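Peer 1: Sharing a model that was predicted from the sequence below.
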Amino acid sequence: MTDQITLRRPDDWHVHLRDGAMLQAVAGYTARQFARAIVMPNLTPPITTAEAANAYRARILAALPAGAGFEPLMTLYLTDDADADAVEAGYQAGAWIAAKLYPARATTNSHFGVTDILKVARVLERMAKIGMPLLIHGEVTDPEIDIFDREAVFIETVLIPLRARLPNLKIVFEHVTTAEAVAYVSEAAPGIGATITPHHLVINRNALFAGGLRPHAYCLPVAKRERHRQALRRAATGGSDRFFLGTDTAPHPVAAKEADCGCAGIFCAPAALEVYAGVFDELGALDRLEAFASLNGPRFYGLPVNEATVTLVREATPVEALAAAELGGVRPFLGGETLAWRFVG
Ligand code: NCD
Ligand code: ZN
């Protein structure tokens with residue numbers, strides 16, 4: 001039995017680092033385990049200009065513990081009125097490396113999002129031309145569509161037509177949650193990748209209702225049936241280089257989660273790598289963790305892999321029950337539980 005693994009330092013290809021006091025409280029968790037992270041732009045207001053992206057990057061760097069050696073990779077929040085020249089200028093100047101597409105009203109802070117993908121057609125054409133990736137929250141927002149079907153319907157009604165129009169556009173299908181998404185990404189023409197979160201590998205939709213309503217298991221896209229979780233576990237551990245690590249860590253204060261209308265988002269940063277390692281271990285695939293966590297993402301984005309390494313050991317490890325007490329508390333994913341792997345550093 002393998003009791004210790006060492007891999008190239010991983011990157012997190014999807015994080016919500018927030019701003020202000022929450023940024024101060026959470027940045028260190030991501031920086032502890034990951035060398036780089038794709039930082040989501042869904043602040044209020046969202047990051048829609050190069051100036052805002054540069055200022056946000058500076059605030060992130062200032063929030064990091066001394067000597068963290070962590071590089072935030074910034075993203076642009078696409079809106080209906082995004083301008084192709086400005087998107088390209090920000091990309092060429094290094095203000096962002098990708099743009100995030102939130103269908104309007106799909107999730108937290110997405111009310112500024114894109115109302116119809118045709119409205120950003122020119123921007124997407126330009127992105128395809130210059131090789132700038134589009135990161136997609138892949139859910140339709142039509143309230144008539146069952147929430148558990150919104151990802152699968154998005155593939156048919158938005159993603160497939162989009163890729164037919166712009167086959168050269170590099171796309172990351174973020175935080176996939178369904179067997180349909182896994183099948184699509186696995187079989188589609190090249191140029192598409194997908195991130196998979198730790199929590200979608202561990203919980204299915206029963207976790208939302210285990211003994212009562214469980215707001216801390218609620219995120220978007222919402223966890224699906226067990227057969228979908230199984231498909232995600234096969235995808236992450238199966239050796240395809242189209243799937244890579246993206247935690248979608250999305251902290252909200254306890255009071256915002258445990259509310260009449262609780263926020264979507266799971267704060268998985270405190271033990272993200274330990275959870276992934278546990279899943280790969282359970283499936284006898286620890287030898288594939290490095291590709292998923294540290295190689296496939298850089299290859300997709302055209303970035304160098306990290307030279308430093310990290311080590312995990314098989315050792316019972318408690319997850320802290322509550323983080324950021326000064327903000328009224330943020331509940332980590334699996335907080336208070338014990339994991340089989342420990343991140344050594
Ligand atoms: C994210 C958030 O809170 O910003 N929430 C979530 O459930 N994942 C937004 C998002 O990525 O959908
Ligand atoms: Zn997200």
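Peer 2: The structure has been received and is ready for your questions. Predicted model, so just to flag it, every value in this text is computed and none were measured. Numbering: from 1, shown residues only. Ligands and ions are numbered 1, 2, ... in the order given.

Peer 1: Could you tell me which ranges of the stretch 101-250 of the chain sit under the pLDDT cut-off?
Peer 2: The stretch 101-250 of the chain contains residues with pLDDT under 70 at 108.

Peer 1: need the residues of it near ligand 1, please.
Peer 2: With C-beta under 6 Å from any ligand atom as the criterion, the stretch 101-250 of the chain meets ligand 1 at residues Thr107, Thr108, His137, Cys219, Leu220, Asp248, Ala250. For glycine as for every other residue, the C-beta is placed from the backbone atoms N, C-alpha and C.

Peer 1: Next, format the residues you listed as TSV and append neighbour count and secondary structure.
Peer 2: Below are those laid out as TSV (neighbours: other C-beta atoms under 10 Å; DSSP: H, G, I helix; E, B strand; the rest coil):
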residue	neighbour count	secondary structure
Thr107	21	coil
Thr108	18	coil
His137	25	coil
Cys219	27	coil
Leu220	22	coil
Asp248	27	coil
Ala250	26	coil
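
Peer 1: and which of the residues you listed is nearest to Gly329?
Peer 2: Ala250 (15.4 Å; C-beta to C-beta).

Peer 1: Look up how far Ala99 lies from the closest one.
Peer 2: 19 Å (C-beta to C-beta, to the nearest Å).

Peer 1: now Gly69
Peer 2: Counting by C-beta to C-beta, the gap from Gly69 to Ala99 is 26 Å.

Peer 1: what are the ranges of the helices in this structure?
Peer 2: 20-33, 50-63, 84-92, 121-130, 150-154, 160-165, 179-187, 198-202, 226-237, 254-257, 272-282, 289-290, 296-301 (DSSP state H).

Peer 1: can you tell me how far the residue nearest to Val279 when sequence neighbours are not counted sits from Leu23?
Peer 2: Nearest non-adjacent residue to Val279, counting by C-beta to C-beta, 6 or more residues apart in numbering: Leu201, 4.7 Å away. The gap separating Leu201 from Leu23 is 26 Å, by C-beta to C-beta.

Peer 1: ok, now which ones touch the residue nearest to Val279?
Peer 2: For Leu201, the contact set (C-beta atoms under 8 Å, 6 or more residues apart in numbering) comprises Arg229, Leu232, Arg233, Ala236, Val275, Tyr276, Val279.

Peer 1: what's the second one in contact with, if anything?
Peer 2: Counting by C-beta under 8 Å, 6+ apart, Leu232 makes contact with Val176, Thr177, Val182, Ile196, His200, Leu201.

Peer 1: ok, 10 Å please
Peer 2: 175-179, 181-182, 194, 196-197, 200-202, 204, 223-224, 243, 279 (C-beta atoms under 10 Å, 6 or more residues apart in numbering).

Peer 1: do the same with the last one
Peer 2: Residues in contact with Val279 (C-beta under 10 Å, 6+ apart) are 196, 198, 201-202, 232-233, 236-237, 285-286, 289, 292, 341.

Peer 1: if we go to 7 Å?
Peer 2: Residues near Val279 by C-beta atoms under 7 Å, 6 or more residues apart in numbering: Leu201, Val202, Arg233, Ala236.

Peer 1: what's the answer for the fourth one, then?
Peer 2: Going by C-beta under 7 Å, 6+ apart, Ala236 touches Ile196, Leu201, Phe243, Val279, Phe292.

Peer 1: quick one: the second one from ligand 1, how far?
Peer 2: Taken as C-beta to the nearest ligand atom, to the nearest Å, the spacing of Leu201 relative to ligand 1 amounts to 15 Å.

Peer 1: Go ahead and confirm Ala321 touches Phe333.
Peer 2: No: using C-beta atoms under 7 Å, Ala321 makes no contact with Phe333, being 11.5 Å away.

Peer 1: So these two - more neighbours on which side?
Peer 2: Phe333 (24 against 12; other C-beta atoms under 10 Å).

Peer 1: Disregarding residues adjacent in the polypeptide, which is nearest to the more buried one?
Peer 2: Nearest non-adjacent residue to Phe333, counting by C-beta to C-beta, 6+ apart: Cys268, 4.0 Å away.

Peer 1: Nothing else from me, thank you.
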